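Colleague: Let me see the structure of the following:
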Amino acid sequence: MKQKRRRPAGAPPGTLTVPEGASVPQAIHIIHYTPDAVEEVDVASADDVAPFKSRKGITWVNVDGLGSAEVTAGLGQVFGLHPLALEDVLSLRQRPKLDDYETSLYLVLRMLHYEQGVETEQVSLFLGRDFVLTFQERAGDCLEPVRDRLRKGTGQLRRQGADYLMYAIIDAVIDNYFPFLEQIGEVVEGLEDDVVENPTRRIVGRIHNIKRDLLTVRRSVWPLREVVNAMARDESPLIGKTTRVYLRDCYDHAIHVMDIIETYRELAGGLMDVYLSSLSNKMNNVMKVLTVIATIFMPLTFVAGIYGMNFEHMPELHWRWGYLAVWIVIAVITLFMLWFFRRMGWLGGGKDQ
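Modeller: Numbering: from 1, shown residues only. Prediction:
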């Protein structure tokens with residue numbers, strides 16, 4: 001929400017505007033593979049990518065950093081990408097979506113990072129017949145297991161087409177949501193204990209933070225679920241039947257993530273009610289103690305008030321043991337009331353506990 005608009009007002013469609021503060025890509029990472037071999041290299045410019053495009057096999061080009069409109073435009077020319085899709089690459093407000101440009105599919109994902117809270121990173125993915133092109137805001141991602149499978153040749157990733165590589169990337173992004181949800185679940189459980197045992201004003205801020213984190217994750221998963229469902233359901237010449245079966249599995253994972261998010265959202269939403277109830281209960285306990293103390297002193301004040309009156313003819317006024325008798329009466333009244341309150345369960349224990 002802090003990003004500025006993707007392009008100046010009135011600019012023609014397809015205008016590439018670099019996001020404020022975006023890092024310039026230091027290298028363009030390429031993995032080119034066939035069923036029998038894999039080649040991995042870093043290049044400096046989009047022109048160095050063109051030779052891989054014409055080679056037999058599948059090419060995965062990954063760009064870390066969106067600070068160069070020239071690199072984005074150059075890769076768009078190499079792979080024949082639509083200008084509107086390239087414009088969306090540099091617009092960091094995109095929600096997960098899928099756009100079909102006939103010769104390529106444009107997919108937007110949200111990848112999660114946990115620093116001072118949950119933060120999302122936009123991942124733009126282009127799928128062609130023999131290539132996958134990904135743009136990330138910065139270096140560091142959850143896709144290293146996919147790269148390792150390509151390097152080692154495990155599974156069927158190297159024997160499938162580019163659509164299967166796209167599925168593997170989507171699956172890795174969705175699976176990465178689960179560790180974040182586990183961390184959020186631990187925070188929610190800790191908040192539940194703190195709200196009940198020691199409700200303080202600081203807990204209110206923690207509750208709002210966890211609710212905001214859950215909302216961030218929900219905004220990333222909710223539209224992605226519909227996107228994956230559309231890819232698994234609708235026929236496309238770029239996505240084979242075999243890959244659509246695996247995409248249905250991704251859809252199931254997205255549904256599972258949404259169920260967990262909704263559960264945690266309900267728990268986090270109820271924490272505020274528990275906090276208010278705990279404060280009310282704490283205040284009731286304080287008022288109960290003060291009421292008990294005031295009730296005990298009421299008859300004592302009555303006795304002291306009677307014998308504090310300045311009448312000349314009062315019983316026991318000149319009695320030698322009058323002072324001691326008053327203290328004995330006060331002590332008996334106090335002990336009786338304490339016993340009675342405890343028996344009623346107002347001081348803890350007793351028949352009402």
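Colleague: Can you give the domain ranges for the chain?
Modeller: 28-277, 285-343 (automatic domain parsing).
Colleague: Kindly check the end-to-end length of the shortest one for me.
Modeller: Looking at domain 285-343, the gap from its leading to its trailing residue is 17 Å under the measure C-alpha to C-alpha, to the nearest Å.
Colleague: right, so of the domains of the chain, which gets closest to residue 20?
Modeller: Comparing the domains of the chain by their distance to residue 20 (C-beta to C-beta), the top pick is domain 28-277, with 9.5 Å. (Each C-beta comes from the backbone N, C-alpha and C, glycine too.)
Colleague: That closest one: end-to-end distance?
Modeller: First-to-last residue span, domain 28-277, C-alpha to C-alpha: 56 Å.
Colleague: could you dump stretch 201-216 to CSV, C-alpha only?
Modeller: Output in CSV follows, covering the C-alpha atoms of stretch 201-216 (Å, rounded to 0.1, in the frame of the first residue of the first chain):
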residue,chain,number,x,y,z
ARG,A,201,-2.6,-2.6,27.1
ARG,A,202,0.4,-3.9,25.2
ILE,A,203,-1.6,-7.0,24.3
VAL,A,204,-4.0,-4.9,22.3
GLY,A,205,-1.3,-3.8,20.0
ARG,A,206,-0.1,-7.4,19.6
ILE,A,207,-3.7,-8.5,18.7
HIS,A,208,-4.0,-5.8,16.0
ASN,A,209,-0.6,-6.9,14.6
ILE,A,210,-1.5,-10.5,14.3
LYS,A,211,-4.9,-9.6,12.7
ARG,A,212,-3.1,-7.4,10.2
ASP,A,213,-0.6,-10.3,9.4
LEU,A,214,-3.5,-12.7,8.9
LEU,A,215,-5.2,-10.2,6.6
THR,A,216,-2.0,-9.8,4.6
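Colleague: Tell me the buried residues in it?
Modeller: Within stretch 201-216, the residues scored as buried using 16 or more other C-beta atoms under 10 Å are 203, 206-207, 209-211, 213-214, 216.
Colleague: Among those, which lie within helices?
Modeller: Under the assignment DSSP state H, the buried residues of stretch 201-216 contribute 203, 206-207, 209-211, 213-214, 216 to helices.
Colleague: Present those as a markdown table; the columns should include pLDDT and distance to residue 35.
Modeller: Below are these laid out as a markdown table (pLDDT from 0 to 100; distance: C-beta to C-beta, whole Å):
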| residue | pLDDT | distance to residue 35 |
| --- | --- | --- |
| 203 | 81 | 56 |
| 206 | 84 | 52 |
| 207 | 85 | 53 |
| 209 | 85 | 48 |
| 210 | 86 | 46 |
| 211 | 87 | 48 |
| 213 | 86 | 42 |
| 214 | 88 | 43 |
| 216 | 85 | 40 |
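Colleague: between the residues you listed, which is closest to residue 108?
Modeller: Proximity of these to residue 108 (C-beta to C-beta) peaks at residue 216, which lies at 15.6 Å.
Colleague: For the residue nearest to the closest one when sequence neighbours are not counted, the count of nearby residues, please.
Modeller: Sequence neighbours aside, residue 118 is the residue nearest to residue 216 in space, at 4.9 Å (criterion: C-beta to C-beta, 6 or more residues apart in numbering). When neighbours are counted by other C-beta atoms under 10 Å, residue 118 registers 21.
Colleague: how distant is the helix of greatest length in the chain from the center of its chain?
Modeller: Longest helix in the chain, counting residues (DSSP H): helix 241-306. Centre-to-centre, helix 241-306 and its host chain are 20 Å apart (C-alpha atoms, centre = their mean, to the nearest Å).
Colleague: I'd like the next helix or strand past that helix.
Modeller: Per DSSP states H and E, the first helix or strand lying C-terminal to helix 241-306 is helix 322-343.
Colleague: That following helix: which residues count as buried?
Modeller: 326, 333, 337, 341.
Colleague: Show me which of these is closest to residue 283.
Modeller: For these, the nearest to residue 283 is residue 341 (19.4 Å; C-beta to C-beta).
Colleague: what's the distance between that closest one and residue 142?
Modeller: Applying C-beta to C-beta, to the nearest Å, the value for residue 341 to residue 142 is 61 Å.
Colleague: ok, how many other residues are close to residue 217?
Modeller: Neighbour count for residue 217, taken as other C-beta under 10 Å: 23.
Colleague: what sits against it?
Modeller: Residues in contact with residue 217 (C-beta atoms under 8 Å, 6 or more residues apart in numbering) are 112, 118, 177, 180-181, 184, 257, 261.
Colleague: Turn those into CSV, columns for secondary structure, pLDDT and distance to residue 196.
Modeller: Supplementary listing: those in CSV, determined by DSSP: H, G, I helix; E, B strand; the rest coil; pLDDT from 0 to 100; distance: C-beta to C-beta, whole Å:
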residue, secondary structure, pLDDT, distance to residue 196
112, strand, 84, 29
118, strand, 78, 25
177, helix, 89, 29
180, helix, 84, 25
181, helix, 87, 23
184, helix, 85, 19
257, helix, 91, 28
261, helix, 90, 23
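Colleague: Which two of these have the greatest separation?
Modeller: Among the contacts of residue 217, 118 and 257 lie farthest apart (C-beta to C-beta), at 13.1 Å.
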